[in-house]
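1. All I have is the shape, not the residue letters:
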């Protein structure tokens, strides 16, 4: 699919330029990000290192006791490859202290809590290091709602939120991210052996082919069927987008005045920058 | 006559008129030093682009101290510049001024305000109502602001009004990453070249650089000869200071070689447009 194939040289320039410009214009020179050992955060670390210099990038790996030890090893490998600062801060003590009060909690609650625990650490380091938090959610995840609101979805700037997972792979290869990180199965690493694709029930490539046509090209459901997409698959992806839309918006505010924030009080985030 | 134009591919700060004026003065000084005759700034150079509710805060009357200052600076170099204009009726326009020898030669108010996709101009701005060519020291010019140029009729009217040089001030956002170059840049390059070719006009295209809320402006300012050939093009995705030597002879030769504008039949065009307007009105 031509549309998912990207000009990696151009994309790299745009995303590196984005981080450099948007970080520096607010009077900051550093960034902090969570480095999971997966490809998305690896790519963001590489982009940030190129934009700001690796000495200005702080990568924090935040494993839980059930995290695959390979993840930390891969995070370290990525940090070494791009030369950024690297810290490991386990979240087991904080998460277990909380769930000591709720031993019956299911995997979803635990996974969300871990993602939010990591978020609080990143934003604390934002204050500590005077650094902006970089987001690492790609467009596929954001559209499917496959992320934790106020957890991994929280950031100040997200360089990869408008590129699909298939495009993350292409750019990662072009930027020289270690092959073992590119080639491994994507995983949220919430429990041993978990993979995203198994949990979602389809592959990222399948999802991206559909999302690109549905979202970017605005093909109708009839046109998608004519291109050979299974109707049920189309419907299920459509409802995933619809049902997760709240995660992509600010909280809803009850309007009572003439100028309500974000409805008729509208300013760019870069106001005055 | 031959002249040297500078396309100032700057990165304005969003909503900071004083800071942008300082950037603009710096570019004007640099252009004067380089011996340029004309400097062309991008659309909304004085304010930045995604203004939304900032529009009334950054708007300037044409008799404001900032504009009077620029008028004064035009004694040393001709200046084309974009800004938000506030009128006596408190309407706000996306406007461009052409300043020369300490006077306003022309004011163009953007007619086509894009309000689709990532654009939302018509929510905040009033729509201009005319395309007029005007005389300068360097010949007869026409000014367009960004989206205006995507309407064939706009360039056509200016050319029929005698403009042989079209100036386009732009804040064009980057998008399209699947081609040999940036999608929006490729589209614009085709547009300015084709416009020049159809109308045997030169085009001076000045596009800004920088980011606003994650949206990049791709630069790539360029001078297109009346043959449609790109003579000089600024850097993609970066600020730049593009110097174009504009050759009068090239215009004369092109108009001898391809006298389409001489042969253009205004009577036929008007007759058919009147018929269409009449039929649509029924």
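-> Arrived safely, thanks for sending. Keep in mind that what you see is a predicted model, and the values were worked out from it rather than measured. Residues are numbered from 1 along each chain as shown, chains lettered A, B, ... in the order given.

2. and residue B:272, which of the three is it?
-> helix (DSSP: H, G, I helix; E, B strand; the rest coil).

3. do the same with residue A:87
-> Put simply, residue A:87 is strand when judged by three-state DSSP.

4. helix, strand or coil for the closest residue to it other than its chain neighbours?
-> Setting aside the residues directly before and after it, residue A:87 is nearest to residue A:60 in space (C-beta to C-beta, 6 or more residues apart in numbering or on different chains), at 5.0 Å. Yep, even glycine has a C-beta here, placed from its N, CA and C like the rest. For residue A:60, the assignment made with three-state DSSP gives strand.

5. Helices along the stretch 101-250 of chain B, start to end?
-> Along the stretch 101-250 of chain B, counting by DSSP state H, counting those that start in this stretch, helices occupy B:121-124, B:152-160, B:183-199, B:248-257.

6. what about the stretch 51-200 of chain B, any weak spots by pLDDT?
-> Along the stretch 51-200 of chain B, no part satisfies pLDDT under 70.

7. how about the strands of it, start to end?
-> B:78-86, B:92-100, B:103-109, B:134-136, B:139-145, B:165-170 (DSSP state E, counting those that start in this stretch).

8. partner strands of the third one, parallel or antiparallel?
-> Okay, so that is strand B:103-109. strand B:92-100 (antiparallel) (DSSP bridges).

9. Likewise for the fourth one?
-> Paired with strand B:134-136 in the same sheet, following DSSP bridges, are strand B:139-145 (antiparallel).

10. so where does the closest residue to residue A:234 other than its chain neighbours fall, helix or strand?
-> Counting by C-beta to C-beta, 6+ apart, residue A:224 is the residue found nearest to residue A:234 once chain neighbours are left out, at 5.2 Å. Using DSSP states H and E, residue A:224 sits in helix A:221-226.

11. picking up where we left off before, any idea which of the helices of the stretch 101-250 of chain B gets closest to chain A?
-> In terms of C-beta to the nearest C-beta, the element of the helices of the stretch 101-250 of chain B nearest to chain A is helix B:121-124, at 8.6 Å.

12. roughly how far is that closest one from the heart of the chain?
-> In terms of C-alpha atoms, centre = their mean, to the nearest Å, the centre of helix B:121-124 is set 19 Å apart from its chain centre.

13. distance of the closest residue to residue B:141 other than its chain neighbours from residue A:170?
-> Distances taken as C-beta to C-beta, 6+ apart put residue B:165 closest to residue B:141, at 4.9 Å, once the chain neighbours are dropped. Distance, residue B:165 to residue A:170, by C-beta to C-beta, to the nearest Å: 43 Å.

14. What of residue B:10?
-> For residue B:10, the distance to residue A:170 - C-beta to C-beta - is 33 Å.

15. more neighbours, these two?
-> residue B:10 (23 against 18; other C-beta atoms under 10 Å in any protein chain shown).

16. residue contacts, that one?
-> By C-beta atoms under 8 Å, 6 or more residues apart in numbering or on different chains, the residues touching residue B:10 are B:23, B:24, B:27, B:41, B:42, B:45, B:208, B:209, B:210, B:239.

17. okay if I get those as CSV plus neighbour count?
-> Compiled in CSV, the contacts of residue B:10 are given as follows (neighbours: other C-beta atoms under 10 Å in any protein chain shown):
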residue, neighbour count
B:23, 19
B:24, 24
B:27, 19
B:41, 29
B:42, 32
B:45, 27
B:208, 29
B:209, 26
B:210, 25
B:239, 16
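
18. Among the residues you listed, which one sits closest to residue A:85?
-> residue B:210 (28.3 Å; C-beta to C-beta).

19. before we move on, back to that, so the residue nearest to residue A:234 makes contact with residue A:235?
-> No. Counting by C-beta atoms under 8 Å, residue A:224 stays clear of residue A:235, with 10.2 Å between them.

20. and residue 146, how many residues sit next to it?
-> You didn't say which chain, so I picked chain A. The number of residues near residue A:146, taken as other C-beta under 10 Å, comes to 20.

21. that answer is for a different chain, and I need it for chain B
-> Neighbours around residue B:146, by other C-beta under 10 Å: 28.

22. Once you drop chain neighbours, what's closest to it?
-> For residue B:146, the spatially nearest residue (C-beta to C-beta, 6+ apart) is residue B:170, at 4.4 Å.
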